[in-house]
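K.L.:
Kindly return the folded structure for what I paste below:
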Amino acid sequence: MSKHLIALLLAGHWGQAPLAEPSPPPDPSEAGLTMELEHPVYDPSVTSCTYFVHNDREESVDLGEPYHLQYWEEGRWKDAPALDFNLPLYRLAPGETMALTCSLRNQTEPGYYRMVKEVGGETLYAQFQLGESLYTAEHPYGFAPLEELEQIPDVPGPVSPEGGEGDLAQFVWKAGLGVPCQLRLI
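P.N.:
All right, here's what the predicted structure looks like:
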């Protein structure tokens, strides 16, 4: 390697602090098809979660249950152990959203993860984290029992798991898709 190339490489890194915890790059999204998990962070005790596939294309798309999980390690995505699936085929009409379930039963290590799924000939990605979260196996909706609350929030109407104002429209939308959810009114 020439002296000039070494000097150039060193100059490029001079004064740059290393990242304390590298975060994964954002996932590409295909126009018209999107996929996202219900929450961005789940406690490692959670064994399954809900995800949504939305079709904003002008034509219907076909999708099945298969997906696979990847985890972020050493600066790249690595495949998690494979899962078994049923093989039903679903049709998602234009403008519709479908709610499905993702198994996390083999994932217990905190970190960055993503779900990878083929839909309508495209590869979709949905990132999430396992770590400290309101959403645990014991409290899947994020709500602690009322008896455990130190103070009841002063919010008229629905209350979010975080204790702030809740979103009634979001609850109705999820319930309409058949997603298990909880509404807390105070």
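K.L.:
element containing Y113?
P.N.:
Per DSSP states H and E, Y113 falls inside strand 111-119.
K.L.:
The helix or strand that comes right after that strand pairs with which strands?
P.N.:
As assigned by DSSP H and E, the chain's next helix or strand after strand 111-119 is strand 122-130. Using DSSP bridges, the strands paired with strand 122-130 are strand 41-42 (parallel), strand 111-119 (antiparallel).
K.L.:
Can you show me the CA trace of the following helix or strand past strand 122-130 as PDB?
P.N.:
Remark: after strand 122-130, the chain's next helix or strand is helix 168-176, criterion DSSP H and E. Only the C-alpha atoms of helix 168-176 are listed here, as PDB (Å, rounded to 0.1, in the frame of the first residue of the first chain):
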ATOM      1  CA  LEU A 168     -59.400   5.500  20.000                       C
ATOM      2  CA  ALA A 169     -59.300   5.400  16.100                       C
ATOM      3  CA  GLN A 170     -56.200   3.300  16.200                       C
ATOM      4  CA  PHE A 171     -57.900   0.900  18.700                       C
ATOM      5  CA  VAL A 172     -61.000   0.600  16.400                       C
ATOM      6  CA  TRP A 173     -58.800   0.000  13.300                       C
ATOM      7  CA  LYS A 174     -56.800  -2.800  15.000                       C
ATOM      8  CA  ALA A 175     -59.900  -4.400  16.400                       C
ATOM      9  CA  GLY A 176     -61.400  -4.300  12.900                       C
END
